[in-house]
Structure formats: C-alpha cells, structure tokens
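Peer 1: Next input, structure requested:
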Amino acid sequence: MVSGSWVDREPDTPGAPVPFSVHEQDRALIRDNVVDAVVLAPDIIRIQLAVCVSQIVKHDFPGRWPQIVDKITIYLQNPDPAGWLGSLLCLYQLVKNYEYKKSEERGPLREAMNLLLPQLYGIITQLMPDESQQAVSVQKQILKIYFALTQYVLPLDLITKEVFSQWMEVLRVIAESDVPAHTLQVDEEERPQLIWWKRKKWALHTLTRLFERYGSPGSVTKEYKEFSEWYLKTFSGGILASMLKNLDQFRQKVYVSPRVMQQALNYINTSISHAHSWKLIKPHMLQIIQDIVFPLMSYSESDAELWDTDPYEYIRIKFDIFEDFVSPVTAAQTLLHSACKKRKEMLQKTMNLLLSIIQTAGTTPSQKDGALHMIGTMADILLKKPVYKEQMEKFLVEICFPEFNSPHGHLRARACWVLHYFSDVKYKNEQVLAEAFRLTVNSLLHDKEPPVKVEAAIAVQMMLSSKGESARKYLEPQIREITLELLKIIRETENDDLTSVMQKIVCTYTEQLVPVAVDICQHLVGTFAQVLESADAGDEKAITAMGLLNTMETILAVMEDRPEVHGALEPVILQAIHHIFTNSIMEFYEEAMSLSCDLTTKHISQDMWKMLEVMYTVFQRDGFDYFSDMMPALHNYITVDTKAFLSSPDYMMAMYNMSKAMLEGDPGEDPECHAAKLLEVIILQCKGMNIDQVIPIFVELVLKRLTREVK
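Peer 2: The predicted model follows:
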C-alpha cells in the first residue's frame, strides 16, 4: 500500500475514477508511528517496514516529515541499545535516499547529519570492544550509513579533516581486528554471511572507496585536490598496514572472507598508482604476487569440486560478469596487471617467477594453471614489450600446446584460454598458427568436458577476429561440424559469450552455411524457448536470450540477398517473435520488432501481414512505449507492398489508431515525431491510390495536436 498508493495520483484518462491513495490523515498517523514500529518489530517484519520508510522519506522528507530526524535522535540518545538497530535502519533509508544526489541537493541531509553523525561516532566507538552479535550488528549498520553518506560526495563542511581522521581510525581498527575464533566452527561457505565478517567487509569497502574517490591525487575532481594529497600522506601507512595484515592471514592459511580479500587487494591496487603509497608497498609487492595473487589465480579445490559435480554451473560462474565485481580472483588479476604495467622491474620479476614455476619438475597441475592464468592476464603488456613479443610463439609451442593433451581438463581449458588471450601474437611460422587452430578446433569438437569446449569456442572466435581473412582456410573444411557442435554447446550451457562466437562464424562462413541456415535458426529458436522456460531466469538468462535473438538477426542479415533462404528462415524466426508477443515478454520487444523489420524489408508474406495484426494487438495491450521500435517495420508494411497494405481498411485504421494514441497521449518528442512521420509516409506513398477518405481524419488529428503546446 505504501509503495503503490502513498502519493496523490491523477486519473489515468480524463473522466476516469481517481486512483486510490492513502488519505493525508492516515499518512500522518503512519509517519508518527513507523519509526517506533521498525524499532520494535522482529527482523523479518523490520525489513518490510524499512522499505515503507524509504518510500515515505522519498516523498515526504523534509517537507511533511522533518520529525523523523528527532525520532531517530531520541532513540540514539537513549542509553538502552535495544532501540539503536531499528532507528539506524530508518536513518540508513534516509541517507540512501540522498546517496547519488549532487552536493547542492543534499541540504536537508547535511542538516540532519550535523546532529546525527556525532551520535553515530559516539555509539560506534563505545561498542567497538564489544564482540557480541547485537553490538557488531549495530556497528555494521553505522558503517553502511557512513558509506552511503560518503560514497558519491564527501561533504567537507560536515566531515572536517578532524572528523574524517576520527572515522578513519574507526575504520582502520575494524579493518585489522581479528574475527572471533568461534566463527571457525561455522561451515566455510556460510562464514561470509556472519555479522563479524560483514562488519569487516563494510570497513574495507568504505576505505577502498574513500581512497579511490577522494584520496588519489590526479584522479579526483578539483574540490578534493588538496584533500587527496593530505589523505595520501596522512593515512597511507596505517591503512596499508591493515590491508597487509589481512593478506598475511590469508598467506598463513587463516580464513579470510572473499569480499575482505577482494577489497584489500583493490586498496593495494589503487596504492600502486601513487609514488607515496607505492614506496610503502614496493618492498612487499613480489611477495604479494607470489603468496597471494598466485594461489588465488590457481585452480582451487572448490573449482575442482564444482567442475566434477556440475560443470555447467562451473561455466556459469566463470563467465558471470556480476561475479567479477565481488571476486577476489578478479581483484588479484587487476592488481597483477597494474603492478606489471605501471611499475618498472615488476614485469620482469613476475615473469621470471612464473616461468620458473612452469619449468620446475615438481609443479602441480593447479600451480601450472595459476602461472598460465597470470601470464595470460598480462598478455597485452607482454605483446608490447619486444623482449617478450619475440619469444611468444616459442612460449606457445613449448609451454601452451602440450597442455592440449593434458590428462587434466582444467589445463586443457586453460590452454584454450591462453590462445584466446594471445590471439594477437604475430606468428612468423604459419604452421604454428595452423597448429593453434587445429588444437583448438579439436578441443571444441572432441573434448568430453563442457568447460574445455566453451573455452575452445571462444578462442576460435578471438583467433578468427585477430587473424582475419588469412585464418578462414583453417576452419573451412570442418565448418558445418563446428557450427552444429557450437549450437549444441549453446543449448547445453546457455552461455551468452557463445552466441557472439556463433555470430562471428555465420558472418565469416556465410557461403558455406547456406545449406544449414534453416537448421541453425531452428536450433537457436529451440534454445531460445528453453532459456525462457528455465526456472531461474535471471539477468544472465536474459542476456543469453538476447544474444540468441541477435544471432537470428545476424543470419537474416547475411542471407538477405538469397530470397529462397530468407523465405525458409521466416517461419522459423516467426516462432520466436510470436512467443515474445503472445506471452508479453516485454524485455525482448525491441529485438522482436527488429526481427519483424528484417522480415519485411524486401517482401511481405501472408504470415507477416498476420504479424501486423499481432503487433497492433501488442501495441494496444502493453506496447505503447515501444512505438519507436515498431516504426521501421510499420514503414516497411506501407512502402514494400503498398497494394497489399491498401487491400484491407483494417491495416490503414491500425496505423491511424497507433498514431492517434501517440499524438493524443504524452509519450515524448521522439514517438510523436514518428507518429506524424507515419501519417506523412502513408500520404506520400499512397498518393493517387484512392485514400481521399482518410485525409480529413489525418489532418484533423495533426491540427488538434498543434493546438496543444509543442515542448
């Protein structure tokens, strides 16, 4: 009720009933009591009520609800800690509401925090020695508030250097505090969710953000220039010591949560760029690479377990871009890359270390994987340095190629991955390039392990893109086999990266794929339906589905000059378009409209005229916002087969009604221009073809629109 009906709303159309909204008297009653309710409610209800507070703050603070600040203050002043957590949760909603607003829009928040920030500091310093669950929960909530307050704008009038220093000390102490020993009894998978690790994560997250945004001279906006220089000199030593302490625990095999590792590595990564902090970190850097980065980037026991039990989940996690934002492995890669790119001698020292690991007889498969992973991560740097560039072909032949025959699946996958990252190597010997393609294609077609096949497919795409025309001949003899295998893997893995491999293959080998174009599309449409049906259709599934639709569009585009193939593809692709429109899957409307346009560019079949009726239904039902995306297809219907368009008055009325809805609604400038253009196209295209009866209603519609203000 609060989410949907808090604000007074206008009727949807003139004369329609006024939509329900909560009466102002009731709103006042809710505002007076909601903070108390959050404080007293059990956790599960507290979270729901916090969402209500967020909505009310959004619409009523400060105007109708300045009292929220006093309410929170009273609870925080009370020495009884029972009221702290709930009132802090309300304050968090208030601060979140201003989190991304510009400095000049934050006046009410600044006034509130003038009063509240000293209270927060008082509570957190009082509670820091207390390791109980309740006390640590309150500390974590205060850190989240401080993060939201400072992550986008640092209000230097509110947080003076003195206040900032006090908070930095709080963050430093929490960052290097030990997590209680009893947490080790909890299963490792569940430890990151424990409140002690969450408190630590928020401390490191805040420190990393403050350093990146306000403490990095050269990359801060001008109002923080002087502040950033002060930050670097004042805090580098103490905070880096805290970060190194966390890394050292990891080195000594003491458990550190993945997010804490990730943030510590990110902080050190930022330190590399600044001379002052680099001086402090330089003596430790090679050890960090050897004892922290290397183990993190090596194939782990948990990787092996997942590969064996659920290879498809292994693929999903390794290719999940959302995972990259929180993964310590990605943070380790970034740190390695920065150190070797920005600091002299680091590349040479690191490469010496990695090559010695690879060439040592006792190196484990996991360590070999880590070393190859690290070398591949630095590929772009290595290929710019003549001393390494010259050696790369030899390196691939002697060190990478043999791994294609490794008994360990993860090393075969890593070999493909290395070729992908070194796809820009200039081969002096053409036979080596031919061998690189042979090994990769062989892995794609014949390896039994799905992750190897996926890495091989992506390596093929990268090598094709890099080598251009000269590489076509290597795949041509097996191209149909490769394409069908690729379709199979796309269906099994539902991996988005593979749809772009498919697009590359289709564009490169159009001629050879003409005979199987319909089979390819049939397969893609089947996979599309499967992806939509899968129960956990989240963001990545939507990305994959979009990739499949884009691949269909690529096939239509390359087959455009072959009417017989185009004609055979149409009924297949129409299945996917129908599926989207009839089930109102709005996130794919743009792609469906685009495919409809492709299918009406040169010729309009009977089925496509039926599709116009479907599109009109979609427009009336929920497609109002997609009129601009429909426009290219609508234009085709009028211009490609004008005679058929005029053969049924229903087609004309559909176009008129859509334009009318646009010009009488308020969809914005772009859709209105399209609507007027649509009427203009009809008049110009059908001139002298007996359309006199529609001219008056067209003119009336446009004149009516001109009487209203044109924004």
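Peer 1: Any figure for the gap between the residue nearest the centre of the chain and residue 38?
Peer 2: Nearest to the mean C-alpha position of the chain, by CA atoms, centre = their mean, lies residue 322 at 5.2 Å. Distance, residue 322 to residue 38, using CB to CB, to the nearest Å: 30 Å. Any C-beta I mention is one placed from the backbone N, CA and C, and that applies to glycine too.
Peer 1: And for residue 193?
Peer 2: Applying CB to CB to residue 193 and residue 38 gives a distance of 22 Å.
Peer 1: more crowded one of the two?
Peer 2: Under the criterion of other CB atoms under 10 Å, the comparison of residue 193 against residue 38 puts residue 38 first, with 26 against 10.
Peer 1: who's in contact with that one?
Peer 2: 46, 49, 50, 53, 86, 87, 89, 90 (CB atoms under 8 Å, 6 or more residues apart in numbering).
Peer 1: In terms of helices and strands, where is the first one?
Peer 2: Element membership for residue 46 (DSSP states H and E) is helix 43-60.
Peer 1: Please enumerate residues in contact with that helix?
Peer 2: Outside helix 43-60, the residues that touch it by CB under 8 Å, 6+ apart are 2-3, 6-7, 27, 30-31, 34-35, 37-38, 41, 65, 68, 86, 89-90, 92-94, 96-97.
Peer 1: Excluding chain neighbours, give the residue nearest to residue 86 in space.
Peer 2: residue 39 (3.3 Å; CB to CB, 6 or more residues apart in numbering).
Peer 1: Same question for residue 592.
Peer 2: Closest residue in space to residue 592, ignoring its immediate chain neighbours: residue 580 at 4.4 Å, by CB to CB, 6+ apart.
Peer 1: picking up where we left off before, among the contacts of helix 43-60, which are in strands?
Peer 2: Using DSSP state E, no member of the contacts of helix 43-60 sits in strands.
Peer 1: Filter those residues down to the buried ones.
Peer 2: 2, 6, 27, 30-31, 34-35, 37-38, 41, 65, 68, 86, 89-90, 92-94, 96-97 (16 or more other CB atoms under 10 Å).
Peer 1: For the chain, name the helix or strand with the lowest mean pLDDT.
Peer 2: The helix or strand of the chain with the lowest confidence, counting by mean pLDDT, DSSP states H and E, is helix 2-5 at a mean of 74.
Peer 1: Which two among the contacts of residue 38 are spaced furthest apart?
Peer 2: Largest separation among the contacts of residue 38 by CB to CB: 49 and 87, giving 12.1 Å.
Peer 1: Number of residues surrounding the residue nearest to residue 86?
Peer 2: For residue 39, the tally of surrounding residues (other CB under 10 Å) stands at 21.
Peer 1: same question, residue 226
Peer 2: For residue 226, the count of nearby residues is 12 (other CB under 10 Å).
Peer 1: From residue 374, how far out is it?
Peer 2: According to CB to CB, residue 226 stands 38 Å off from residue 374.
Peer 1: List the contacts of residue 168.
Peer 2: Residue 168 touches 207, 210, 235, 238, 239, counting by CB under 8 Å, 6+ apart.
Peer 1: Can you name the helix or strand that the second one falls in?
Peer 2: I take that to be residue 210. Going by DSSP H and E, residue 210 is part of helix 195-214.
Peer 1: Give the other helices and strands that that helix contacts.
Peer 2: Contact partners of helix 195-214 among helices and strands, from 3 or more CB pairs under 8 Å, 6 or more residues apart in numbering; DSSP states H and E: helix 133-150, helix 161-176, helix 225-251, helix 258-272.
Peer 1: closest to residue 680 out of those helices?
Peer 2: Among the helices and strands packed on helix 195-214, helix 133-150 sits nearest to residue 680 (CB to CB), with 50.5 Å.
Peer 1: Send me the closest one as PDB with only the CA atoms.
Peer 2: Output of helix 133-150 as PDB, limited to C-alpha atoms (Å, rounded to 0.1, in the frame of the first residue of the first chain):
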ATOM      1  CA  GLN A 133      26.300 -10.300  17.800                       C
ATOM      2  CA  GLN A 134      24.000  -7.400  18.800                       C
ATOM      3  CA  ALA A 135      26.800  -4.900  19.200                       C
ATOM      4  CA  VAL A 136      28.500  -5.900  15.900                       C
ATOM      5  CA  SER A 137      25.200  -5.600  14.100                       C
ATOM      6  CA  VAL A 138      24.800  -2.000  15.200                       C
ATOM      7  CA  GLN A 139      28.400  -1.200  14.200                       C
ATOM      8  CA  LYS A 140      27.900  -2.800  10.700                       C
ATOM      9  CA  GLN A 141      24.700  -0.600  10.300                       C
ATOM     10  CA  ILE A 142      26.600   2.500  11.200                       C
ATOM     11  CA  LEU A 143      29.400   1.700   8.700                       C
ATOM     12  CA  LYS A 144      26.700   1.200   6.000                       C
ATOM     13  CA  ILE A 145      25.300   4.600   6.800                       C
ATOM     14  CA  TYR A 146      28.800   6.200   6.700                       C
ATOM     15  CA  PHE A 147      29.500   4.500   3.300                       C
ATOM     16  CA  ALA A 148      26.200   5.700   1.800                       C
ATOM     17  CA  LEU A 149      26.800   9.200   3.100                       C
ATOM     18  CA  THR A 150      30.300   9.400   1.600                       C
END
